[in-house]
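1. Attaching a predicted model along with its sequence, questions to come.
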Amino acid sequence: MIDIGVNLTNSRFTKDLADVITRAKSAGVNHCLVTGTSVEESQKAISLCQQYPDYLASTCGVHPHDADQASDDFVETLRELASNNDCVKAIGECGLDFNRNFSTPENQKRVFTAQIELACHLQKPLFLHQRDAFEEWFTCLKPFIGQVPAMVSHCFTGNQRELEICLAHDMYIGITGWVCDERRGKELQSIVNLIPLDRLMIETDAPYLTPRTIRPRPKSSRNEPSYLDYVASTLAELYGVEKHLIMEHSSENARQVFQLGGAHD
Ligand SMILES: [Zn+2]
């Protein structure tokens, strides 16, 4: 399996990262894409990839929450970081998040659009975040559809109409442990099997979004990539297919889009 969204630069992983990676490998996770959420975190993500070159790759970008803090020359810095082609496989995570507006909507849009243009220029896939901002998010993306190698809507939690629009425009859809949540994941559970298997990717978004289906319940609230299997299991149930199909298709999609080498599954 490939975990396409892991925030391994988060301070909650500093102490025992080697163990986290060992557990992920034993749990059948063959590759992880470390999420870059700001210029600094993207730099850290690249250093991690250099420590585990056969196992980690990364994105580089500025999350909408961090848009207010983006420096005037952030695009130049991202461009330099992204030239590290062995590590950096996508631009992002970038997008819009109007849920709590940690950055102003104006700055979010400006910083998002600059990154879409960068992905287009560098011909790298976009790793996209969106919350409570679908219409404006899609308006920003629309002129660039077909102009970047791929668009991946990471941690998709939208409704059926939004899902259908993403799919109609050939996006890949990343599903997290949100789908394992018996309460807030209900709507996603009812529509997730509309995603064709050749558009599906899976991710933990660790340390966030710990699957609520883990048994026995873990002592720590911290999510980690070794729990990716719980996302695959829930998806297998919802699709009514065997789990190996979810694993194989999502891995193949991630491998192709992010140009990851290495062992199969
Ligand atoms: Zn996100």
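-> Right, received. Where do you want to start?
2. what's the helix or strand for the closest residue to the ion within the stretch 1-150 of the chain?
-> The nearest approach of the stretch 1-150 of the chain to the ion comes at His129, 3.6 Å away (CB to the ion). (Each C-beta comes from the backbone N, C-alpha and C, glycine too.) Taking DSSP states H and E as the definition, one finds His129 inside strand 126-131.
3. So for that strand, what gets flagged as buried?
-> 126-131 (16 or more other CB atoms under 10 Å).
4. What residues sit buried inside the following helix or strand past it?
-> Next along the chain after strand 126-131, taking DSSP H and E as the criterion, comes helix 134-141. Going by neighbour count (16+ other CB under 10 Å), the buried part of helix 134-141 is 134, 136-138, 140-141.
5. sorry, back to before: in CSV: the buried residues of strand 126-131, plus distance to Gly5 and pLDDT.
-> Converted to CSV, the buried residues of strand 126-131 look like this (distance: CB to CB, whole Å; pLDDT from 0 to 100):
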residue, distance to Gly5, pLDDT
Leu126, 13, 98
Phe127, 8, 98
Leu128, 11, 98
His129, 10, 97
Gln130, 13, 97
Arg131, 14, 95
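6. Just give me the neighbour total for Ser103.
-> Neighbours of Ser103 under the rule other CB atoms under 10 Å: 22.
7. Isn't it up against Cys94?
-> No. Applying CB atoms under 8 Å, one finds Ser103 not in contact with Cys94, separated by 11.9 Å.
8. Pull the contacting residues for Ala114.
-> 74-75 (CB atoms under 8 Å, 6 or more residues apart in numbering).
9. any idea whether it is helix, strand or coil?
-> helix (DSSP: H, G, I helix; E, B strand; the rest coil).
10. Could you pull out the residues contacting both of Ser103 and Cys94?
-> With CB under 8 Å, 6+ apart as the test, Ser103 and Cys94 both reach 64, 111.
11. Which stretches in the stretch 51-200 of the chain count as helices?
-> 74-82, 105-122, 134-141, 160-168, 186-191 (DSSP state H, counting those that start in this stretch).
12. Please work out how many residues are found near the closest residue to the ion within the stretch 151-265 of the chain.
-> Closest residue of the stretch 151-265 of the chain to the ion, CB to the ion: Cys155 (4.9 Å). If you count neighbours by other CB under 10 Å, Cys155 ends up with 23.
13. How about Gln259?
-> 14.
14. sorry, back to before: can you name the residues that contact the spatially closest residue to the residue of the stretch 151-265 of the chain closest to the ion that is not a sequence neighbour?
-> Spatial nearest neighbour of Cys155, excluding adjacent residues (CB to CB, 6 or more residues apart in numbering): Thr176 at 4.9 Å. Contact analysis of Thr176 by CB under 8 Å, 6+ apart lists 5, 155, 202-205, 209, 231.
15. Give me the pLDDT for Thr176.
-> Note for Thr176: predicted pLDDT of 98.
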